[in-house]
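**Student:** Can you look at this prediction? I've put the sequence above it.
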2 protein chains.
Amino acid sequence: MDSPVQANDIMKILERSWIFRDFPVQDKKDLVANSSLVRYDNRDVLFKQKTRTSHVMFIVKGLVKIYKENVSNRPVMLKIISGDHFAGLDTLFAEPVYQYSASSIGETTILIMDFGTFNNLLMSNGRFALDVIRLLSKESLYIFTRLNSQIHKQLPGRVADVLLYFSEEIYHSYEFEFPLPRHELAELAGTTKESFIRTINEFKHDKIIQLEGRRVKIVSLDIVRILSDLG
Amino acid sequence: MDSPVQANDIMKILERSWIFRDFPVQDKKDLVANSSLVRYDNRDVLFKQKTRTSHVMFIVKGLVKIYKENVSNRPVMLKIISGDHFAGLDTLFAEPVYQYSASSIGETTILIMDFGTFNNLLMSNGRFALDVIRLLSKESLYIFTRLNSQIHKQLPGRVADVLLYFSEEIYHSYEFEFPLPRHELAELAGTTKESFIRTINEFKHDKIIQLEGRRVKIVSLDIVRILSDLG
DNA sequence: GGACAATGGTGATCTATATCATCATATTTT
DNA sequence: AAAATATGATGATATAGATCACCATTGTCC
């Protein structure tokens, strides 16, 4: 089904990803034969809450936003996933329907894998299973800290968390550009657009950060850290 | 090392647990040889945040409370684990030190397994790995909903959640006894002792529940559900 | 058996942040 | 080019729930 060109591309992706790199050749071939590479534009929906789970999505390039939608029409952003990670793994294994939605941030390339193939590999390749277990574990722990923050930190602490999240987890730089508008950053901080704006602009006025539009530079990392720690 | 009596007990436990039951005999023997059965009293600490991870804890009898401690000295209860489940799996695989603490609720029996043995089984037994993946996935999803509730539901909704949690997840009955004092129930609802007491006593006055001391009976399940749903 | 801690409870404030209203730009659509 | 929408921003107001300060019981420990 796949053109040889795409098969080649997929193989290259597997070769350079930390998780698939050391797979036996046959396992990689299986994956290549049962995957396809898909490009998404900004804000495209990868999958939607309550729809049937179907495929494993491995992010090759770009960012993916994972969010929960609820009756109140005020979504919560659970996390942002970057390249070399999976989207929706947990739901895939635990539930027949997605428990949250996912959409692309910017242009994104996703390697879509057949779930059956993925499952067989997990069963036969213990090393791989253990890696997946580690990934899921980390996700759990991350949300634990989010919950803890949401309960005990007040806004400045949570906004500081968002700054650290982008700079340390996503862009690995203390100067970066928010890939999202304010109201979505607010979803990530568990607050409203207005409150987020007020708080981050206070950071700006206090010279803790530089901020023009979506461009940020963390000026006083120590203060941001203190704000995050003390909540 | 283990007395034959204990070895026998452990084997029986493995035989009747859904997760180990279908293991090959040799795998079960390995586990028996590398596990020990330990009794804990009410409020004993099983492991403490920031200490080195060491063993896999499988809950045989009783309940275990998982909580995060933080600087503000106000813990967050992440979940309550009941029999036939593991405590601390996620940390074990992701971090060298525990990311949260665990203590027993009431008298508890724990099967403590050697992590190395557990790991080897995961690598060699694909079925088992997949089961563990499913467990971890469910945990992730549960905390996602907790986070969502914490952000969007107000207190009555979260107190309703606590009622539903105990009745449906823990005791499988709409009449039960809280195994914890009010201030710990508050930790589970992400609020303070005072606010929790006020809210649950309002439920009582509104005849949604019956409540004497720690004994609860959910009278209007539909109203509790509505409170939980609408937040 | 007295002391001390733990637990359940209530009232009076206080405050962080949600909510509502509005506006200026910038961006996209027609 | 005009209209419509998205985005960033700011002020005024409302309020849920935290905080503080108590108190009465009950349980536990020398």
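**Tutor:** Cool, the structure landed. Numbers count the residues shown, from 1 in each chain, chains lettered A, B, ... in the order given.

**Student:** give me the beta-bridge partners of the residue most central in space within chain A?
**Tutor:** Residue closest to the average C-alpha location in chain A (CA atoms, centre = their mean): A:Ile81, at 1.4 Å. Under DSSP bridges, the beta-bridge partners of A:Ile81 are A:Val64.

**Student:** now it: how far from A:Leu37?
**Tutor:** Counting by CB to CB, to the nearest Å, the gap from A:Ile81 to A:Leu37 is 17 Å. All C-beta spots, glycine's among them, are computed from the backbone N, C-alpha and C.

**Student:** cool, A:Leu136 as well?
**Tutor:** Look at A:Leu136 and A:Leu37: by CB to CB, they are 24 Å apart.

**Student:** out of those two, which sits in the busier spot?
**Tutor:** When A:Leu136 is set against A:Leu37 and neighbours are counted by other CB atoms under 10 Å in any protein chain shown, the residue ahead is A:Leu136, at 27 against 16.

**Student:** returning to what we had before: got the contact list for the residue nearest to the centre of chain A?
**Tutor:** Going by CB atoms under 8 Å, 6 or more residues apart in numbering or on different chains, A:Ile81 touches A:59, A:63-64, A:66, A:87.

**Student:** Sort out which of these are buried, if you could.
**Tutor:** By neighbour count, with 16 or more other CB atoms under 10 Å in any protein chain shown, those hold A:59, A:63-64, A:66, A:87 as buried.

**Student:** Format those residues as TSV; extra columns: pLDDT.
**Tutor:** Formatted as TSV, these follow (pLDDT from 0 to 100):
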residue	pLDDT
A:Ile59	97
A:Leu63	97
A:Val64	97
A:Ile66	97
A:Ala87	96
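
**Student:** quick one: buried residues of stretch A:94-114?
**Tutor:** Neighbour-count burial for stretch A:94-114 flags A:94, A:98-105, A:108-114 (criterion: 16+ other CB under 10 Å).

**Student:** is stretch A:39-54 up against chain B anywhere?
**Tutor:** No - judged by CB under 8 Å from any CB of the partner chain, stretch A:39-54 stays clear of chain B, getting no closer than 10.9 Å.

**Student:** residues in contact with that stretch?
**Tutor:** So stretch A:39-54 is contacted by A:57, A:62, A:64, A:68-69, A:87-88, A:91-92, A:95-110, A:115 (CB under 8 Å, 6+ apart).

**Student:** and those, which of them are in strands?
**Tutor:** Within these, residues falling in strands by DSSP state E are A:57, A:62, A:64, A:68, A:87, A:101-110.

**Student:** nearest to DNA strand D, of the residues you listed?
**Tutor:** A:Ile105 (11.5 Å; CB to the nearest atom of the strand).

**Student:** so what's that closest one bridging to?
**Tutor:** Counting by DSSP bridges, A:Ile105 forms beta bridges with A:Leu63.
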